[in-house]
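Trainee: just coords:
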């Protein structure tokens, strides 16, 4: 006879020890995902280092190294258009990220204070803009009417604020310990001092993640260039150079021949195009490891709290 008091409670499926089949399936899935990410990156890097003869033998993109050379990178970095575009992209990304973070942090902090004047009305107005926008043509007319055509600020201000990022910051700021804020007010701190000395130090993770979002957005942006920048290549950021030289299948301005000759030393346009792709990826690969530790905790905590 079974004793009802000794019946072992069944554990949830996720509490059961993993089976060999399950572990194998997870390993194969992760391997496939990693391969889908790394293999295209490997092909791009190898092709950017390949000679014209190697690309001719491979029929296009190169999978296995054969006759590697640094000549494509020397030609690319020696091209004034690429050097200028790199500086323009770095400047727009740095200035744009700072501007966006200042606006987003101030807006989110004001909306997170329950007794701030008109915060509910402003919050609803911001939420409405997530679903209803003025449209491309009215935005273009406003920016050009303010003298933004051909100006670098037209690449920053029209997309300086993301309502989603403000809401994430607001949710995190709303969960800041009220005891800390009350203690700061008792010590005579105002809102500016509370924001700088209490709220921001306790929200480094979410601030780093939002800054990464803005930075990647500015670095990868090219659509505003098509709208507000003239055909003068001196004001093109790197991503628009990439769009022009890769998607349209043309070589760098300083490249006089087609590049697909018979000599091994001749640089192929495809190598130069892939070198530009690598150049656009390098800054993100350098910055992301420093912010990766904040990525998960910042996004999840900011989204769950509040």
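Mentor: That came through, no problem. The shown structure was predicted, so the numbers you read here are calculated from the model rather than taken from an experiment. Numbers count the residues shown, from 1 in each chain.
Trainee: output the lowest mean pLDDT helix or strand found in this structure.
Mentor: In the chain, no helix or strand scores lower on mean pLDDT, DSSP states H and E than helix 269-304, which sits at a mean of 71.
Trainee: ok, which stretches of this structure are strands?
Mentor: Shown for the chain, no strands are assigned by DSSP state E.
Trainee: could you pull out the helices in it for me?
Mentor: In the chain, the helices defined using DSSP state H lie at 20-48, 52-58, 71-78, 80-112, 119-131, 136-145, 163-174, 178-186, 191-194, 204-220, 223-228, 238-242, 269-304.
Trainee: ranking the ones you listed by burial, who's on top?
Mentor: Mean neighbour count (mean count of other CB atoms under 10 Å) peaks for helix 238-242 among the helices of the chain, with a mean of 23. Every C-beta, even on glycine, is put in place using the N, C-alpha and C of the backbone.
Trainee: elements contacting it?
Mentor: In terms of contacts (3 or more CB pairs under 8 Å, 6 or more residues apart in numbering; DSSP states H and E), helix 238-242 is packed against helix 80-112, helix 223-228, helix 269-304.
Trainee: and that helix, average pLDDT?
Mentor: Mean pLDDT, helix 238-242: 81.
Trainee: and stretch 72-92, by the same measure?
Mentor: Averaging pLDDT along stretch 72-92 gives 84.
Trainee: for stretch 155-165, measure first residue to last.
Mentor: Stretch 155-165 stretches 19 Å from its first residue to its last (CA to CA, to the nearest Å).
Trainee: the closest residue to residue 230 other than its chain neighbours and residue 100, how far apart?
Mentor: Sequence neighbours aside, residue 150 is the residue nearest to residue 230 in space, at 5.3 Å (criterion: CB to CB, 6 or more residues apart in numbering). Applying CB to CB, to the nearest Å, the value for residue 150 to residue 100 is 22 Å.
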